[in-house]
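**Student:** one predicted model, sequence on top.
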Amino acid sequence: MSTIRILGAGAWGTALALLWSQEQGEGRPAPVIELLARTTDEAALLRSARINTRRLPGIALPVAINIFSATDTLTALSADDTFVVTIPSTELDQGTAKQIVQAAGNAPIVIASKGLSLNGARPSELLIAAGADSERLAVLSGPNLAGEIAMGKPAAAVLAGPTHLVESLRTRLVRPTLRLYLTDDVVGVEISGALKNVIAIAVSGVRALGYGENAAAALLSRGVAEMARLAEACGGRTETACGLAGVGDLVVTSSNTGSRNAKLGALLASGMTVQAAVDKIGATVEGIGTAHGALQLAAAHKLEMPITAAVVAAISGGATIEVLARALLGRSPAGEWR
């Protein structure tokens, strides 16, 4: 029986463990599921309570989910197994990337984290630099709220990577409640999945200011244009920004009150400082670090990304969300796709 080992016991990692602990359908049994918490204490608490009280309260973890810590010595994975990364992208530094490559062994790695480093590096770039084989590396992204996935509500996602790999992984990872679409555009999926967090901060802030849904929709649409420009400049495809990893994920992230990035935008619009807002949210807000990284990438490619620049200004304390919103919505009209 194959194993799916998930690094990261936050809301997303726990939700995926719940999803993949279900039978695959068509008579295929569920694989062995291993969920790796950050520390031994966190792992012990999850094993005892069988509920991720902080991240997914009220949803029981079945005994089929085996819980360990990231420091435990576990059985080596084979090519028939799968290693899934769900830790925040802010934690994915060079040292952690090397540990992930070693821990994955011969198993393919699926990156389910969304974000960019402060210098604009994508998660797959960091793992490849640490020794991962690009032919055994895939990215999972899309409009997937952890709470809904955990409750078994239907969803769709995109799986990006080499064709032979994603076709094999789809067989392992698809479930009756999760439809998977395939692409070879790793760059486009990673850029879109990261940028949607940044754009969601701006869209939520505009909505919280009472500017209305027309303004929010306009900003969301222009955010997709920024996404597409950056993806294409980095070697991805524009169409990917218009799919599940881009538009799909941005719509749900910017409109759902459960999104951390949307919460941040609303709290900043209320006049709260970034640190106070993050403290109130009580979890990693991926859009903060990603905004800085995206702006670095934009500068390197000589791209204009006004929404991303506005978010960076807001989270750096240079201007209020209201001033930035007025500036963005009052920009001179230009060609829609340029």
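**Tutor:** Everything's here; your move.

**Student:** you'd agree L18 is up against A60?
**Tutor:** No: using Cβ atoms under 8 Å as the test, L18 is too far from A60 to be in contact (9.1 Å). Where you see a C-beta, it was placed from the backbone N, CA and C, and this is true even at glycine.

**Student:** these two: which is more packed in?
**Tutor:** Neighbours were counted for L18 and for A60 using other Cβ atoms under 10 Å; L18 has more, 24 against 11.

**Student:** could I get the pLDDT score of that one?
**Tutor:** You'll see L18 listed with a pLDDT of 98.

**Student:** the one 4 residues further on now?
**Tutor:** The predicted local distance difference test score for Q22 is 90.

**Student:** that one contacts L178, correct?
**Tutor:** No: applying Cβ under 8 Å as the test, Q22 and L178 come out as separate, 9.5 Å apart.

**Student:** now for the nearest residue to R229 once chain neighbours are set aside: which residues touch it?
**Tutor:** Take R229 and drop its neighbours on the chain: the residue closest to it by Cβ to Cβ, 6 or more residues apart in numbering is L303, 5.5 Å away. Neighbour list for L303: R229, L230, A233, L297 [criterion: Cβ atoms under 8 Å, 6 or more residues apart in numbering].

**Student:** cool, T40 as well?
**Tutor:** So T40 contacts S69, T71, D72 (Cβ under 8 Å, 6+ apart).

**Student:** helices of the stretch 151-300 of the chain, start to end?
**Tutor:** For the stretch 151-300 of the chain, the helices defined by DSSP state H, counting those that start in this stretch occupy 163-173, 186-208, 213-233, 238-241, 249-255, 260-269, 274-281, 286-300.

**Student:** a strand runs through I33, doesn't it?
**Tutor:** Yes: assessed with DSSP: H, G, I helix; E, B strand; the rest coil, I33 lies in a strand.

**Student:** number of residues surrounding it?
**Tutor:** I33 has 22 neighbouring residues, counting by other Cβ under 10 Å.

**Student:** that one contacts I65, correct?
**Tutor:** Yes: at 4.9 Å, I33 counts as touching I65 under the criterion of Cβ under 8 Å.

**Student:** mutual contacts of the two, please.
**Tutor:** A17, S21.

**Student:** picking up where we left off before, among Q22 and L178, which residue is more densely surrounded?
**Tutor:** Legend: neighbour count by other Cβ under 10 Å for Q22 and L178, higher for L178 (21 against 16).

**Student:** who touches the more buried one in this structure?
**Tutor:** Residues near L178 by Cβ under 8 Å, 6+ apart: L19, I149, P154, A155, A156, A157.

**Student:** try it again with 6 Å
**Tutor:** Neighbouring residues of L178 by Cβ atoms under 6 Å, 6 or more residues apart in numbering: A155.
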